[in-house]
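Novice: give the three-dimensional model of this entry:
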Amino acid sequence: MNQEGNRSSASTAELKTINPATEEVIDRYEIITKEQINDKVKKARIAFDEEWNKDINKRIDFIHDFANELRKNKENLAKTATNEMGKAIKEAKSEVEKCAWAMEYFADNGKIFATDEIINTDARKTFVTFQPLGVIGSIMPWNFPYWQALRFAAPSLMIGNTIVLKPASATMQCGIEIEKAFNKVGLPEGVFQTLIGDSSIAESLIDSDINAVTFTGSISAGAKVAQRATSQVKKTVLELGGSDPFIVFEDADIEKASDGAVKGRFINCGQSCIASKRFIIVKKIANEFIEKFVQKTEKLRVGDPLSDDTDIGPLVNSKSLESIDSVVKDSIKEGAELLTGGERLKNKNKGYFYRPTVFKNISPKMHIVQEEVFGPVAPIIIADDEMQAIKLANDTQYGLGACMWTEDLDKAENLSRLIQSGIVSVNNVVASDPRVPFGGVKKSGFGRELSRYGMLEFANIKSVRFYDKLVDYHHVE
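Specialist: Numbering: from 1, shown residues only. Prediction:
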């Protein structure tokens, strides 16, 4: 809840949220104290021990009810996200729908995923059972404020864990709305709780009596989370973003590939960890692809994110706007050729709007290629052939997702195995899906979300064996 009215003194720490389309203050919130965090984690522990992990059928019912609540309240939830972080309202509605789908998927399949496995060994009976770890601390970002919180929560709740969420301070109300929706369906007290605070409370959450931590965000912040959590021997899952390659081979359907390029780069104003961020095009078809890509980019409608006609809203805040503008100017200084965009929206006096931007003449060593660019900027690199394209795709510290475009699916299967990433999509942009594991390699993090694999990240995978008598031939541990 909004705690603005409950502040006990003028010195109480608070945060404020700002509408990136209007630059107006939306709300102010009192930041939770360390003692209050510990109290909430204690509630989560009690809920876990006394009720939540005991009956999977009740969990199924609650999670189905929650999915229904999301759909009933979709319009309000979507508007809250759009006002807080600026995404186009049609994308916000789609995000809520996807959350409902994920909740239903795990409610429908979680019981199967958690079924004991029987193994044939020298014992009379051997089985592997999957049990929840306990209380999980979740530290989530602002760019998909519902989806990133719930794609973790769905499998984790289903297997029987309880959750304490720290949402991003920019999308605080979205985090609050998630807890409200759980409360509306009668979820037991303490099973899902939202902490109100900025990054300053993350350490207190990690240090509290939680069993594990999941984090989505930057490499630098993720490294700190992992260091603090693992120093206390607490399991961590990290999703740290990426610089995903979009590879177009000479036998690709250029019309479809250019459509995919627009969608892959400019979704959520380019503020997505799995957005296409490096466009690697084989030389033979480069000119045709570039022409179509630029034409389609220039047709995108940038403006009021609450309008159903808008394709791209503002960047999340002034810092992001300044960062993107700096990347564009630095790229031009380094020799990149600007094909379209490259400036703030001229007809907007307020708001953090930036025109969708496409560059060519990009060198693999430019900053725009080596670092993750979180905004509507697309750099195009020309490759001599397929193998150079794969080499360029792997020349990065990141390894989250990649997509490739070709009509030869046998070739795609072989080349997909050469890509150093956790996800590869052929003839489509990279997208998370409850049915398949999500996560990266290299500095994109470790561990997996979604699917059965994501569910088991926060489970004790316990092996149990029954013997008739002591086996005397064991000579090593």
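Novice: tell me which element the spatially most central residue of the chain falls in.
Specialist: The central residue of the chain, meaning the one whose C-alpha is nearest the mean C-alpha position (C-alpha atoms, centre = their mean), is residue 148 at 4.6 Å. Assigning secondary structure by DSSP states H and E places residue 148 in helix 147-159.
Novice: same check on residue 92?
Specialist: Counting by DSSP H and E, the secondary-structure element that holds residue 92 is helix 89-113.
Novice: and residue 349, how far is that from residue 83?
Specialist: 19 Å (C-beta to C-beta, to the nearest Å). (C-beta placed from N, C-alpha, C; glycine too.)
Novice: who has more neighbours, those two?
Specialist: Remark: of residue 349 and residue 83, residue 83 carries more neighbours, 25 against 7, as counted by other C-beta atoms under 10 Å.
Novice: could you measure from the closest residue to that one other than its chain neighbours over to residue 317?
Specialist: Across the structure, with C-beta to C-beta, 6 or more residues apart in numbering as the measure, the residue nearest residue 83 apart from its sequence neighbours is residue 19 (5.3 Å). Taken as C-beta to C-beta, the spacing of residue 19 relative to residue 317 amounts to 10 Å.
Novice: who's more crowded, the two?
Specialist: Just comparing residue 19 and residue 317: by other C-beta under 10 Å the higher neighbour count belongs to residue 19, 20 against 17.
Novice: my read: the more buried one touches residue 85, true?
Specialist: No - with contact taken as C-beta atoms under 8 Å, residue 19 and residue 85 are classed as non-touching, separated by 9.2 Å.
Novice: any idea how far residue 54 is from the nearest residue to residue 344 once chain neighbours are set aside?
Specialist: The shortest distance from residue 344 to any non-neighbouring residue, by C-beta to C-beta, 6+ apart, is to residue 354 (5.7 Å). When distances are taken as C-beta to C-beta, residue 354 and residue 54 turn out to be 51 Å apart.
Novice: ok, those two, which is more surrounded?
Specialist: Neighbours were counted for residue 354 and for residue 54 using other C-beta under 10 Å; residue 354 has more, 26 against 11.
Novice: torsion angles phi and psi at residue 164?
Specialist: Recorded main-chain torsions at residue 164 are phi -120, psi 110, according to degrees, to the nearest 10.
Novice: low-confidence stretches in this structure?
Specialist: Scanning the chain for pLDDT under 70 picks out 1-11.
Novice: go with 50
Specialist: The model of the chain has pLDDT under 50 over residues 1-10.
Novice: so what are the domain limits for it?
Specialist: According to automatic domain parsing, the chain comprises the domains 4-241+439-463, 244-397+401-426.
Novice: in what helix or strand does residue 412 lie?
Specialist: helix 409-416.
Novice: list the buried residues in the next helix or strand after that helix.
Specialist: Sequence-wise, the next helix or strand downstream of helix 409-416 (DSSP H and E) is strand 423-426. Of all the residues in strand 423-426, those buried under the rule 16 or more other C-beta atoms under 10 Å are 423, 424, 425, 426.
Novice: the residue lying closest to the first one once chain neighbours are set aside and residue 416, how far apart?
Specialist: I take that to be residue 423. Counting by C-beta to C-beta, 6+ apart, the nearest residue to residue 423 once its immediate chain neighbours are dropped is residue 401, at 4.0 Å. From residue 401 over to residue 416 the distance is 12 Å, taken as C-beta to C-beta.
Novice: just residue 83 next, same as before
Specialist: When C-beta to C-beta is applied, the distance between residue 83 and residue 416 equals 40 Å.
Novice: same check on residue 66?
Specialist: Counting by C-beta to C-beta - residue 66 and residue 416 are separated by 36 Å.
Novice: before we move on, the earlier item: what's near enough to touch the residue nearest to residue 423?
Specialist: With contact set as C-beta atoms under 8 Å, 6 or more residues apart in numbering, residue 401 has these partners: 242, 244, 274, 421, 422, 423, 424, 425, 430, 440.
Novice: and if you look at residue 194?
Specialist: Applying C-beta under 8 Å, 6+ apart, we find residue 194 in contact with 165, 166, 167, 175, 176, 178, 179.
Novice: repeat the analysis, applying 6 Å as the threshold.
Specialist: With contacts taken as C-beta atoms under 6 Å, 6 or more residues apart in numbering, residue 194 has the following neighbours: 165, 175, 176, 179.
Novice: most surrounded residue in those residues?
Specialist: Tallying neighbours with other C-beta under 10 Å puts residue 175 at the head of the contacts of residue 194, with 25 neighbours.
Novice: for it, what are its contacts?
Specialist: Neighbour list for residue 175: 165, 167, 194 [criterion: C-beta under 6 Å, 6+ apart].
Novice: for it, helix, strand, or coil?
Specialist: The assignment at residue 175 comes out as helix when based on DSSP: H, G, I helix; E, B strand; the rest coil.
Novice: one step back: residue 81 is in contact with the residue nearest to residue 83, correct?
Specialist: No - using C-beta atoms under 6 Å, residue 19 makes no contact with residue 81, being 11.5 Å away.
Novice: so who does residue 210 touch?
Specialist: Residue 210 touches 41, 135, 137, counting by C-beta under 6 Å, 6+ apart.
Novice: what's the burial count for the first one?
Specialist: Applying the criterion other C-beta under 10 Å, we find 23 residues in the vicinity of residue 41.
Novice: heads up, I number from 33, so please use that
Specialist: New numbering, starting at 33: the last item is residue 73.
Novice: okay, it and residue 445: tell me how far apart.
Specialist: Taking C-beta to C-beta as the measure, residue 73 and residue 445 are separated by 46 Å.
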